[in-house]
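Undergrad: got a sequence here, can you build the structure:
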Amino acid sequence: MLPFLVFAAVLVTIPALGPSRTWYTLLNSMGINIVFALSYNMLLGRAGLLSFGHAVYFGLGGYLAMHAMNWIPESVLGVAGVFALPVIGFAGGALAGAVIGWPSCRRAGIPFAMISLGIAELVASAAFIFVSVFGGEEGISGDRMKWFDPVTLFGHEVEFTMGPISDVYWFIAFWTFVASVLMYAFTRTPLGRMSEAVRDNPERAAFVGYNPQQVRYLVFIASGGFAGVGGGMAAVNFEIFTPENLSLLPSGFVLLMAYIGGIRYFAGPILGAIVLTFMQSSFSGYSEAWLLYLGLLFITIVMFAPNGLAGIVVALVNGVRMPGAAARLARWSQMTLAALIALAGLVVVIEVAVRWSNGYGDTFEPFGIALPHGSPLTWLVALVPIGAGLALMRLIARRSDA
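TA: Next up, the predicted model:
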C-alpha cells in the first residue's frame, strides 16, 4: 500500500504548490489518461488482448455520463450528482463491454485485434448517423455547474461548485486514485491472476479447469467499465463529448501510453500516460513534428526497451543494487550521453526538414543560431553529431561485450 499512500500524498500536495490554470488543465488530462491507460492494460498487459478500439468504451461511458448530466434534475443529488458521474460512465462502459465482448472474446490474438478494429470503425460511423444520441459532429455538451449548492462537510459549508478548474482537479484526483486502487485490487483477485495465466498459456489454464474464453470475457467487461470511468471523468472535465472520442485516434493513443509506459508493470501505464500527455500538451507548442518524435519514441521502446519506461526504471534500480554498480552506471551514463548526442543531430534534421517542406521561409534557430536548409553548416551540425553519437554507442557496446 505504500506506493498508493505516496500517490495520494502527491495528489493532495499539488494544489498547495499553487499550480497555474495551465498546469491544472494538464494535470486533469493526465488523471483521465491514467485511468484510461490502466483500463487498457487490463486487456493488453494482463489478458494479452491487443485492442484497436478501446476508445469505444471510453466514449460510450462518457456519452452516457454526459446525457446523465443533462437528464438528472438539479434538486435530486446536488453537486454529488456530478461527482458520481464516473459511476454512470462505468456502467455504460461495462454494458458496452458485455455486449461487444460476447462475440469478440471468442477469439484471441490477431482475430481479436481485427474484430476490435472493425467494431471501432462501426461505432465511430454510427456516432455520425444517430444524431439524437451522439449529437453528430457537434457532439453532446453539458453544464457541470448547474448544481451549485454549497457542500456541507463536518458542519461547515464548503464552496465546492465544480466550476473553478481547481475544484475539477479534486474531482479528477479522487477518481484517479479510486480507480487506480480498484484496478490494482482486480489484479490481485483470482480472476486477475487467471487472466495472466490465460495470457501466457491458455491450454494450461483450460487443463486446470478454467475456461479461457470466459476469463477473457469477464476481464473485457471490467476493462470496458473502467474505461467508462475515464470517459465520465472526461465528460465532467471538458463538458462536451464528440464522435472523435470514439475514433481510432484515442484508441491508438492509449495503446502508445500503455506500451511506452510498460505493459508488464502496473505503474507502467501511469508513467506512460504522464509522459505522453505532457508531450501532447507541451511539445505540440514547440514543434509541428511532435507526432514524429512520439513515433520514434515508440519504435525505440519496441526495439530496445520492450518493458517500457517502467522497465527502464526497474532495471536502473536493480543495477544500482547489484554488485559492480559503479562500473555499470558509468557505462549506462556513457551510452545515454552518446544517444543524446545522436538525438541532437536528428532533431536538427527533422526541424530543418519540417520548415523546408512547409515552404514558408522559416528557419530553424536553436539557441539563436540560424540553420537554413541550404547552408552546408546546417547539415554539418546535423550529421556530425548523428555519426559521432552512433559511433560512440557502438564503441561502448563493444567494450561492454569485451
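Undergrad: quick one: His373 and Arg355 touch, right?
TA: Yes. Counting by Cβ atoms under 8 Å, Arg355 is a contact partner of His373 at 7.1 Å. (C-beta placed from N, C-alpha, C; glycine too.)
Undergrad: those two: who's more crowded?
TA: The neighbour count for His373 versus Arg355, taken as other Cβ atoms under 10 Å, is higher for Arg355 (20 against 13).
Undergrad: where's that one, which helix or strand?
TA: Using DSSP states H and E, Arg355 sits in helix 325-358.
Undergrad: list the buried residues for that helix?
TA: Neighbour-count burial for helix 325-358 flags 328, 331-332, 334, 338-339, 341-343, 345-352, 355-356 (criterion: 16 or more other Cβ atoms under 10 Å).
Undergrad: and the protein, what are its domains?
TA: Taking automatic domain parsing as the reference, the chain has its domains at 2-310, 323-401.
Undergrad: do me a favour and average the pLDDT over the helix holding Arg355.
TA: pLDDT averaged over helix 325-358 equals 88, rounded to a whole number.
Undergrad: who are the packing partners of it?
TA: For helix 325-358, the packing partners by 3 or more Cβ pairs under 8 Å, 6 or more residues apart in numbering; DSSP states H and E come out as helix 290-304, helix 308-321, helix 376-401.
Undergrad: what's the spacing between the last one and its chain's center?
TA: How far helix 376-401 lies from its chain's middle: 33 Å, per Cα atoms, centre = their mean, to the nearest Å.
Undergrad: check which residues of it are buried.
TA: 378-379, 381-382, 385-386, 389, 392-393, 396.
Undergrad: reformat the residues you listed as TSV; add distance to Phe112.
TA: Listed next are those as TSV, based on distance: Cβ to Cβ, whole Å:
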residue	distance to Phe112
Thr378	48
Trp379	47
Val381	48
Ala382	43
Pro385	43
Ile386	40
Gly389	40
Leu392	43
Met393	38
Ile396	41
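Undergrad: farthest pair within the residues you listed?
TA: Thr378 and Ile396 (28.0 Å; Cβ to Cβ).
Undergrad: where exactly do the strands run in this structure?
TA: Here the chain has its strands, by DSSP state E, at 140-141, 151-153, 156-158, 240-241.
Undergrad: how near is Gly374 to Thr363?
TA: Counting by Cβ to Cβ, to the nearest Å, the gap from Gly374 to Thr363 is 10 Å.
Undergrad: of those two, which one has the most company?
TA: Per other Cβ under 10 Å, whichever of Gly374 and Thr363 has more neighbours is Thr363, with 15 against 8.
Undergrad: for that one, give its distance to Phe283.
TA: When Thr363 is compared with Phe283 (using Cβ to Cβ), they lie 20 Å apart.
Undergrad: what's the answer for Ile396, then?
TA: 28 Å.
Undergrad: now Arg394
TA: According to Cβ to Cβ, Arg394 and Phe283 sit 29 Å apart.
Undergrad: circling back: relative to Arg106, which of the buried residues of helix 376-401 is nearest.
TA: Using Cβ to Cβ, these come closest to Arg106 at Met393, 46.3 Å.
Undergrad: just the pLDDT at that closest one, thanks.
TA: pLDDT, Met393: 89.
Undergrad: what of Ala315?
TA: pLDDT at Ala315 comes out at 87.
Undergrad: next up, the contacts around it.
TA: Asn307 (Cβ atoms under 8 Å, 6 or more residues apart in numbering).
Undergrad: can you give me the helices for the stretch 151-300 of the chain?
TA: 165-187, 190-200, 202-207, 212-238, 248-261, 267-282, 290-304 (DSSP state H, counting those that start in this stretch).
Undergrad: those helices into JSON lines, with extra columns for mean pLDDT?
TA: Output for these, formatted as JSON lines (pLDDT from 0 to 100):
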{"stretch": "helix 165-187", "mean pLDDT": "93"}
{"stretch": "helix 190-200", "mean pLDDT": "91"}
{"stretch": "helix 202-207", "mean pLDDT": "88"}
{"stretch": "helix 212-238", "mean pLDDT": "94"}
{"stretch": "helix 248-261", "mean pLDDT": "92"}
{"stretch": "helix 267-282", "mean pLDDT": "91"}
{"stretch": "helix 290-304", "mean pLDDT": "87"}
